[in-house]
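[1] pasting the structure only:
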């Protein structure tokens, strides 16, 4: 099967009409990319890497389901002017048309978002399994950007490629090993917070530490007086290195959140982080101009009891966008 000519298909979202006095996000987004566009959204409806990694497939259905909840939300009424102005500069590109080859789809995602990153726009990618992240990284590499990768996740996802039918193949557990080892040298640092100790191999932790990566386990996170953990304060500061400016690629895996709030993921975490901590991190990332991309992964609608995980994913993006609005 040859890849489609066009990388994206328009997102089709079934949502109720909203009256003029009650506009929703779907009414407020920009309609086409132009010189004023500051952020683009792209869907990556692919979970082949989850299948290869032995997880529960279903994340390919997530972009449509996340949009269904996101686009019916309102702006924060206390920040209505700023959020409305911010959303007018956000354009949804639609979903990548899968080609049937994970590796080619990752390349195509990178090729599609690289021009936006090069033009100074921020990018949100709706996964998909965590294999999405390597496609996002390829976008930064293609835009000739040096990136620090900040991952919020129950797993470090630095596993080696799997040998399938005699060939090494990427999967949902390998994106950050691939980024670190990528020949372009675009990844200048990697840190992950929210790890579950019962789900991390000692060999993988050692591999990370040998390469100067930071690994923070969920039970090591600093907490405030209410017991809420701070996911970002445990990560090293991302700053410019000796060879020029470093940007941040943020990757958020919903399996980092406690399973009570996020049951619909490939690998639920019974002892995951609380929703308040997760959403606070999303807003902080949105409000940091150095964060040039965000991918949100592993929502699996077929396993999502009551749509809780998709709703959390949508609210995560809403908080990121509110953070972006506060920054402007």
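    Arrived safely, thanks for sending. Just so you know, these numbers come straight off a predicted model, no measurement behind them.
[2] going forward, measure contacts and count neighbours with C-alpha atoms only.
    Fine.
[3] is the residue nearest to residue 110 when sequence neighbours are not counted in a helix, a strand, or coil?
    Spatial nearest neighbour of residue 110, chain neighbours left out: residue 139 (3.7 Å); criterion: C-alpha to C-alpha, 6 or more residues apart in numbering. Here residue 139 is recorded as helix under DSSP: H, G, I helix; E, B strand; the rest coil.
[4] residues contacting residue 139?
    With contacts defined as C-alpha atoms under 8 Å, 6 or more residues apart in numbering, the neighbours of residue 139 are 109-114, 117.
[5] ditto for residue 121
    So residue 121 contacts 37-40, 292 (C-alpha under 8 Å, 6+ apart).
[6] any idea which helix or strand comes after the lengthiest strand in the chain?
    In the chain, assigned by DSSP state E, the strand with the most residues is strand 187-195. Using DSSP states H and E, the helix or strand that follows strand 187-195 in sequence is helix 202-210.
[7] buried set for that following helix?
    204, 208 (16 or more other C-alpha atoms under 10 Å).
[8] can you give me the strands in the stretch 51-200 of the chain?
    90-96, 122-127, 147-152, 162-164, 167-169, 187-195 (DSSP state E, counting those that start in this stretch).
[9] hmm, back to that, what's the closest of the contacts of residue 139 to residue 324?
    Checking the contacts of residue 139 against residue 324 by C-alpha to C-alpha gives residue 117 as the nearest, at 16.1 Å.
[10] ok, the residue lying closest to that closest one once chain neighbours are set aside - contacts?
    Of all residues not flanking residue 117 in the chain, residue 143 sits nearest, at 6.2 Å (C-alpha to C-alpha, 6+ apart). Each residue near residue 143 by C-alpha under 8 Å, 6+ apart is listed here: 114-115, 117-118.
[11] mind listing which of these are in helices?
    Judged by DSSP state H, the contacts of residue 143 include 114-115, 117-118 as members of helices.
[12] need those residues in JSON lines (columns: pLDDT).
    Compiled in JSON lines, the ones in helices among the contacts of residue 143 are given as follows (pLDDT from 0 to 100):
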{"residue": "114", "pLDDT": "98"}
{"residue": "115", "pLDDT": "97"}
{"residue": "117", "pLDDT": "98"}
{"residue": "118", "pLDDT": "97"}
